[in-house]
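Engineer: Turn this into a structure:
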Amino acid sequence: MAQINKPNLHFNTKLYTGNGSSGHSITGVGFQPDWVWIKNREQSYSHFLTDAVRGVTKEIYSDSNGAEYTRSNGLTAFGADGFTVGDNNGHNQNGNNLASWNWKAGGGQGSSNTDGSINTTYTSVNTTAGFSISTWTGTGANGTIGHGLGAKPEMIIVKNYSASQNWCVYHSGLSGTEGHKTLYLDLNQAEADQTGLWNDTAATSSVFSVGTNTNTNGSSASMIAYAFAEKKGYSKFGSYTGNGNADGTFVYTGFKPAFLMVKKTDSAENWYMKDNKRDPRNEMNQSVLYANGNAVENTGGSWLKGDAVSNGFKIRISDSSSNGSNSPYIYMAFAENPIVGSNNIPATAR
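Structural biologist: Predicted coordinates for the structure are as follows:
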């Protein structure tokens, strides 16, 4: 597997300060993003998710089951080095600190993928980084969707964006038969058995399966999937077991994490989000947001407290949010640097 030596050409966190203007250009991302996730860190506004496949002004919310909303003053353009936002307070409140997480897919809307029994309307794919965005019209019947990655996805996030339906998360680290359990991104619930979501079928290098459930394949509904395959030195989608001690579990990723999202799977707990821009120093005990809630950034809590090191992350808290005794967790991680790139440049801890 080829290693990605410059992860920030495919994923990057960009922090910015709102100015309240109708055309605030955010630059410094380092590439043209195809998926932009924005959160106002100081106000209880939703997480705004916009992608190049559905198009600018089309937003959905990780903390809500709500349908897609068209907002003329939210994210208004994708640029070569970032994006532009309007004067909506959730995107650009004057003087507020905001965070954006940016991923590169195929550089635009893409084209139809016909690998599955259900053709996608559009699939925009970055095979180098193992990330694709796909839309399709649901059938309400068991079927398969082509993701275009050329490798098995380890995590898939699906939303029925034409209706008020929960976000469904497929993750290879969930318990039991792969494709049987699910999590919900907009909820703090434990993993659940749901045959109708993924048809009890593991994803393959060409397709993932959907069932009869409205959340993943509603009849005549507009559906979207964000699919992720692991790439050496860049991304990891794994699981770990907490030890319940302040000297917590070490999780090997093979790189220094730039972004981390963790979810406890056997009981109710939030989807905790960390990144190297909001929390640049160890211990990473500040700047907590969670994907399933609109709360302001917490800068004094113990959630996901620990160190980001050259080859993974080390939990340093006994809190059940990230390190309960014998508790299972799944995570999603993207790299700041690989341990040692093929250019022989080693990563260092913070």
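Engineer: what number of residues lie near Thr144?
Structural biologist: Look at Thr144: counted by other C-beta atoms under 10 Å, it has 18 neighbours. Using the backbone N, CA and C atoms, a C-beta is placed for each residue, glycine as well.
Engineer: Make 547 the starting number, not 1.
Structural biologist: I'll keep to 547 as the first residue from here, and by that count the last item is Thr690.
Engineer: now it, what's its secondary structure?
Structural biologist: Following DSSP: H, G, I helix; E, B strand; the rest coil, we place Thr690 in the strand state.
Engineer: my read: it touches Ile664, true?
Structural biologist: Yes. In this structure, Thr690 is within contact of Ile664 by C-beta atoms under 8 Å, at 6.7 Å.
Engineer: Now do the lowest-mean-pLDDT helix or strand in the chain: which elements does it pack against?
Structural biologist: Lowest by mean pLDDT, DSSP states H and E among the helices and strands of the chain is strand 852-855, with a mean of 75. On a contact count with 3 or more C-beta pairs under 8 Å, 6 or more residues apart in numbering; DSSP states H and E, strand 852-855 meets strand 801-810, strand 858-861.
Engineer: would a markdown table of the ones you listed with mean pLDDT and mean neighbour count be doable?
Structural biologist: Conversion of these to a markdown table gives the following (pLDDT from 0 to 100; neighbours: other C-beta atoms under 10 Å):
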| stretch | mean pLDDT | mean neighbour count |
| --- | --- | --- |
| strand 801-810 | 95 | 25 |
| strand 858-861 | 90 | 22 |
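Engineer: So for Leu835, which of the ones you listed sits nearest?
Structural biologist: strand 801-810 (9.7 Å; C-beta to C-beta).
Engineer: Listing partners with orientation, what would you give for the closest one?
Structural biologist: According to DSSP bridges, strand 801-810 forms sheet pairs with strand 818-821 (antiparallel), strand 874-884 (antiparallel).
Engineer: Can you check which of those strands gets nearest to Ile550?
Structural biologist: strand 874-884 (7.1 Å).
Engineer: The residue nearest to Leu835 when sequence neighbours are not counted: how many residues sit nearby?
Structural biologist: Leaving aside its chain neighbours, Leu835 sits nearest to Met819 (4.8 Å; criterion: C-beta to C-beta, 6 or more residues apart in numbering). Neighbours of Met819 under the rule other C-beta under 10 Å: 26.
Engineer: hang on, the earlier thing: distance to Ala854 and mean pLDDT for the strands paired with strand 801-810 - can I get that in a markdown table?
Structural biologist: What follows is the strands paired with strand 801-810, written out as a markdown table (distance: least, C-beta to C-beta, whole Å; pLDDT from 0 to 100):
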| stretch | distance to Ala854 | mean pLDDT |
| --- | --- | --- |
| strand 818-821 | 8 | 93 |
| strand 874-884 | 8 | 93 |
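Engineer: Good, we can wrap up now.
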